[in-house]
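> Fold the following, please.
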Amino acid sequence: MKVYALTNVWEYLDTRAEGTCYGVYTTAEKAKKAMADAVEDAKEQWVECNRVEDVDDIEIDESEWSCTLATDEDIETFQIEIIEVDDVSNG
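Below is the predicted model of the structure:
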């Protein structure tokens, strides 16, 4: 069985990444929708926190499984990882 994990990384420290797991989804479509929503929220927060004056000041690099938001000083990457898991039973 495959699941899709959405993560957000905003800082790399040596070999360790600092970030957040937004969730694990049962379909790629759900994960992609969650990523689109998370990117929109991040853009709004960058404007509200005065990291940028306007959303147009954010450079966006999108692909099917990731999206990177960047300015001269900040960068955040949202990524969907496909994870193979064994079927789990609660019985």
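
> For the residue positioned nearest the centre of the chain, what is the enclosing helix or strand?
For the chain, the residue nearest the mean C-alpha position is F78 (2.2 Å; Cα atoms, centre = their mean). Taking DSSP states H and E as the criterion, F78 maps to strand 75-84.

> Would you list the strands that that strand pairs with, along with their directions?
Applying DSSP bridges to the sheet, strand 75-84 is found paired with strand 2-13 (antiparallel), strand 66-70 (antiparallel).

> closest one to T20 among the ones you listed?
strand 2-13 (4.9 Å; Cβ to Cβ). (Glycine included, C-beta is placed from N, CA and C.)

> In contact with the residue nearest to Y4 when sequence neighbours are not counted, which residues are there?
Take Y4 and drop its neighbours on the chain: the residue closest to it by Cβ to Cβ, 6 or more residues apart in numbering is A31, 3.6 Å away. Counting by Cβ atoms under 8 Å, 6 or more residues apart in numbering, A31 touches 4-6, 23, 25, 80.

> A helix includes A31, no?
Yes - counting by DSSP: H, G, I helix; E, B strand; the rest coil, A31 is part of a helix.

> separation between it and S66?
Distance, A31 to S66, by Cβ to Cβ, to the nearest Å: 11 Å.

> rewinding a little: could you list everything the residue nearest to the centre of the chain pairs with in the sheet?
With DSSP bridges as the rule, F78 is bridged to N8, C67.

> so who does it touch?
6-8, 22, 35, 38-39, 42, 66-68.

> Then T26?
Taking Cβ under 8 Å, 6+ apart, one finds 3-4 in contact with T26.
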